[in-house]
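[1] Coordinates only, no sequence provided:
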């Protein structure tokens, strides 16, 4: 890959600011757990696995800060945990990563501060490294669904920028290209935050993968014209019954894909699966600020004072999903049994 | 209505510049047929009936210009006709209005220049006046579908700004409000040109009709939550079999509405119906410049050099349409017979 968007220097986290892409490649230095939480909240970094990784390093930064300022480790850790867990409610990878680090911390928090720091830092680095490894495994598991010559529609950014690297949905596409398959990607711009236009188009362009940008409302017309062979997206949380919470607009795409008999795949690591949640109805859906809809990169596009509804995600019932592609294997309907098996 | 966006002074056309709304209410003076054609092409004015009206006055301006510069009327008229007809291919109202004026012109073009001008000007004024009258009739015919308490989803702008006044889809909504029905409107922002965010939200706000702005990709999720009671849109061309060409994204909405058993209405004057076109497949779909997708009100939102597909319209097969509401009455399936009857 030609860029590293989450970089741990040993002292701080360096993040590629995804709010400014593709206009400028600007990096931000994150030195405290509060700065890490703000980076997640304001979407300097986004994407379910990526925010999990940043949150994990946020806890490392909390311990570093406590040591430096000679504070009580346990208190500082608990405070940072609370702040980081409160940033974004939908993507379960955030809580998965935070809990992994907390489990390590709780086991060893009475040992020397140096050892605590070392072990927690190692856990965060493991989460990052595993994520990239998992994404390559997702790519390998999903590549069978991609035929050479396919036009593939994707929504939002489930690429390197949404993960530790390589990507989930884009990981499958990258692996297809690695295997010599010729593909073309239709990129939904993905309003309101424009992750498709700004991030996915940028990533694909960097790798020389042919792509065409469309507005979200063009997808149905493309499908009606027979221009889409498959749809693949990432996920922010998958319920035990296979329902998928993902970027707003995913549900519409899934309905349209079914109407046109086009396969609809979800690519995600098992850390995105939340077996404690029975169905998509129980997944909390974040609503974000109206300004994301009424303003675009600083430009006002709607009348002042207009009401706005801005859910960041929607839920796609599993009956619209052709397969869920994970690093541990591919799950198809019935999802309840299939997902359970992944964890046994 | 609190604004007049197409105003004929007797010497020139004054147009509210719809590209700059809602940031500023700025008017442009159109003094020649070429300026009228440019106003249509660059979308100073848009909306199927509205561009027909402006094109009709474009022909009036051609005659005025020929008289002033002592040119051959027939030649100047033919030249202006060609330029105006070449502006935008999909909306049939453009050709309907141009032909109406040409029919008058051809019948009387050998009479005195003053009489020619008077008769052609009268025809253009008639087209404008009839359009507003037709829209109120559409409102009256469509109001039966709106129950008090309804949440109504609309796409693009089929309002006063898209017509001579009052609007087609928004005409039905206006009439419901006039009749004392309480409604709430969900406004699709309508990328790429943002007619919903910029124009429909502005119009509804001016009239105090409660509305909520959403991005286009939120519509499906709203429907899944039971938040939409009906969908109503305008049309740019309706084929003899009832297939509807309208703003890109309309087809996706229609599929989603059917999936959720939500009625999907099309409101349009009979001048939008093109009986010479058997099905939607034969309607030419305009593709517009990539810059509309990659830039937003002057701000770049996608990487340089990215491929873009930008069809301005799509076609909704009539099986997705619950009813077509015209000034002459309401047509339901089977559309072939119903539309034919309108013209008999």
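    All right, it came through fine. This structure is a prediction, so every number in the text was calculated from the model and none was measured.
[2] Residue A:102: which element?
    For residue A:102, the host element (DSSP states H and E) is helix A:93-108.
[3] Now do that helix: everything it contacts.
    A:40, A:48-49, A:51-53, A:55-56, A:59-60, A:63, A:77, A:81, A:84-85, A:87-88, A:115-116, A:119-120, A:123-124, A:127, A:236, A:269, A:271-272 (CB atoms under 8 Å, 6 or more residues apart in numbering or on different chains). Every C-beta, even on glycine, is put in place using the N, C-alpha and C of the backbone.
[4] run the last query once more with 6 Å
    If you take CB atoms under 6 Å, 6 or more residues apart in numbering or on different chains as the criterion, helix A:93-108 is touched by A:48-49, A:51-52, A:55-56, A:59, A:77, A:85, A:116, A:119-120, A:123, A:127, A:271-272.
[5] On the pLDDT front, check residue A:299 for me.
    Residue A:299 carries a pLDDT value of 85.
[6] Over to residue A:1?
    53.
[7] How about the one 4 residues further on?
    What the model reports for residue A:5 is a pLDDT of 97.
[8] OK, contacts around it?
    Going by CB under 6 Å, 6+ apart, the list of residues near residue A:5 reads A:16, A:161.
[9] any idea how far it lies from residue A:158?
    Going from residue A:5 to residue A:158 by CB to CB, to the nearest Å gives 14 Å.
[10] and what of residue A:102?
    In this view, residue A:102 and residue A:158 are 27 Å apart by CB to CB.
[11] Which residue of the two possesses the greater neighbour count?
    residue A:158 (34 against 20; other CB atoms under 10 Å in any protein chain shown).
[12] Give me the number of neighbouring residues for residue A:336.
    Using other CB under 10 Å: residue A:336 sits among 16 other residues.
[13] State whether it is indeed within a strand.
    No - read with DSSP: H, G, I helix; E, B strand; the rest coil, residue A:336 is helix and lies in no strand.
[14] hang on, it packs against residue A:241?
    Yes - counting by CB atoms under 6 Å, residue A:336 does reach residue A:241; the two are 5.3 Å apart.
[15] thinking again about what came up before, and of the contacts of helix A:93-108, the nearest to residue B:181?
    residue A:48 (43.2 Å; CB to CB).
[16] Would you mind measuring from the residue lying closest to the closest one once chain neighbours are set aside to residue B:133?
    Distances taken as CB to CB, 6 or more residues apart in numbering or on different chains place residue A:91 nearest to residue A:48, at 3.7 Å, with adjacent residues excluded. Here residue A:91 is placed at a distance of 54 Å from residue B:133 (CB to CB).
[17] between the two, who's got more neighbours?
    Per other CB under 10 Å, whichever of residue A:91 and residue B:133 has more neighbours is residue A:91, with 33 against 15.
[18] what about residue A:22, distance to chain B?
    4 Å (CB to the nearest CB, to the nearest Å).
[19] what helix or strand is residue A:289 on?
    Taking DSSP H and E as the definition, residue A:289 sits outside all helices and strands.
[20] Can you name the residues that contact it?
    With CB under 6 Å, 6+ apart, residue A:289 has no contacts at all.
[21] coming back round to it: mind checking what helix or strand follows the helix holding residue A:102 in sequence?
    Next along the chain after helix A:93-108, taking DSSP H and E as the criterion, comes helix A:113-142.
[22] helices or strands up against that following helix?
    helix A:48-68, helix A:93-108, helix A:169-178, strand A:323-326 (3 or more CB pairs under 6 Å, 6 or more residues apart in numbering or on different chains; DSSP states H and E).
[23] Quickly list the domain ranges of chain A.
    A:6-136, A:143-342 (automatic domain parsing).
[24] between the ones you listed, which one is nearest to residue B:281?
    domain A:143-342 (10.5 Å).
[25] which bits of the stretch 151-300 of chain A sit near chain B?
    Applying CB under 6 Å from any CB of the partner chain, we find that the stretch 151-300 of chain A lies next to chain B at A:191-192, A:194, A:197, A:201-202, A:205, A:212-218, A:220-221, A:248-249, A:251-252, A:255-256, A:259, A:296-297, A:299.
[26] Check the gap between residue A:6 and chain B for me.
    21 Å.
[27] Identify the residues contacting that residue.
    Residue A:6 neighbours (CB under 6 Å, 6+ apart): residue A:53.
[28] Show me what it bridges to in the sheet.
    Beta-bridge partners recorded for residue A:6 (DSSP bridges): residue A:15.
[29] part of a strand, is residue A:36?
    No - counting by three-state DSSP, residue A:36 is not part of a strand but helix.
[30] ok, and the closest non-adjacent residue to it?
    Distances taken as CB to CB, 6+ apart put residue A:58 closest to residue A:36, at 3.2 Å, once the chain neighbours are dropped.
[31] what's the neighbour count on residue A:232?
    27.
[32] That should have said residue A:186, apologies.
    Neighbour count for residue A:186, taken as other CB under 10 Å: 23.
[33] Roughly how far does it sit from residue A:145?
    Taking CB to CB, one finds residue A:186 at 16 Å from residue A:145.
[34] Same check on residue A:178?
    15 Å.
[35] okay, those two: which has more neighbours?
    Neighbour count, other CB under 10 Å: between residue A:178 and residue A:145, residue A:145 has more, with 20 against 12.
[36] any idea of the pLDDT on the more buried one?
    98.
[37] Next: residue A:71.
    Looking at residue A:71, its pLDDT is 89.
[38] hang on, the earlier thing: so how far is chain B from the residue nearest to residue A:36?
    29 Å.
[39] I figured that residue hits residue A:34, correct?
    No - under the contact definition of CB under 6 Å, residue A:58 does not touch residue A:34, with a separation of 8.4 Å.
[40] Residue A:114: neighbouring residues, count only.
    9.
[41] got it, and residue A:12?
    18.
[42] So residue A:46 lies in a strand, does it not?
    No - applying three-state DSSP, one finds residue A:46 to be coil, outside a strand.
[43] Now do the phi/psi pair for it.
    Residue A:46 adopts backbone torsions of phi -150, psi 180, taken as degrees, to the nearest 10.
[44] how much space between the residue lying closest to residue A:59 once chain neighbours are set aside and residue A:13?
    Ranked by CB to CB, 6+ apart and with sequence neighbours excluded, the top spatial neighbour of residue A:59 is residue A:101, at 4.7 Å. Here residue A:101 is placed at a distance of 14 Å from residue A:13 (CB to CB).
[45] The two: which has the busier surroundings?
    Between residue A:101 and residue A:13, counting by other CB under 10 Å, residue A:101 is the more crowded of the two (28 against 25).
[46] Fine, thanks again, bye for now.
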